[in-house]
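K.L.:
The sequence and its predicted three-dimensional model are supplied below.
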Amino acid sequence: MFRHILIPTDGSELSMRGVRMGIDLAKTDGARVTAIHVVPPFHSVTYMAEMLAASEANYVLESAERAKKYLEDVKKLATEAGVACQTLTVESDRPDEVITQAAQDQGCDVIVIASHGWRGLTKLLLGSVTQKVLLSSPVPVLVCR
């Protein structure tokens, strides 16, 4: 049914449930997967430029290490399941746009994404990447909770 599945991950346990579901679907369909992690860019307001530079350097290093670990975890699960997997790390303030663009650029025919299930005020304040992906995706979206 599917040939190429895009699986966004933020490293959370809920996200990893979505990863496992996407890999299981890929194994069943004989598909390949692309795992993506979106890193928000560094934002800071400070009165000392030296503090900003040091903080930004730490943020960039830690973000890269975290992204590498999250994507290695996905790659390991995919390899164990016998599923071909490639990974992407992208920096952006708009993860929903990056995810939908990656689906197009990579030729994916479905996105498997987890939802944190936020409701009410929390959802209003924090927004929902999953909801935004659902609204703008050019391909079907399978949501895991």
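P.N.:
The structure has been received and is ready for your questions.

K.L.:
quick one: least confident helix or strand in this structure?
P.N.:
helix 120-126 (a mean of 48; mean pLDDT, DSSP states H and E).

K.L.:
Just after that one, pick out the following helix or strand.
P.N.:
helix 129-136 (DSSP states H and E).

K.L.:
Quickly run through the sheet partners of the very next helix or strand once past that next one, with directions.
P.N.:
Later in the chain than helix 129-136, the nearest helix or strand by DSSP H and E is strand 141-144. Each strand paired with strand 141-144, and its direction, by DSSP bridges: strand 110-114 (parallel).

K.L.:
can you pull the buried residues of stretch 111-118?
P.N.:
111-116 (16 or more other C-beta atoms under 10 Å). The C-beta positions use only the backbone N, C-alpha and C, and glycine is treated the same way.

K.L.:
chain center to the longest helix seen in the chain, what's the gap?
P.N.:
With secondary structure taken from DSSP state H, the chain has its longest helix at helix 49-81. Relative to its parent chain, helix 49-81 has a centroid offset of 13 Å by C-alpha atoms, centre = their mean, to the nearest Å.
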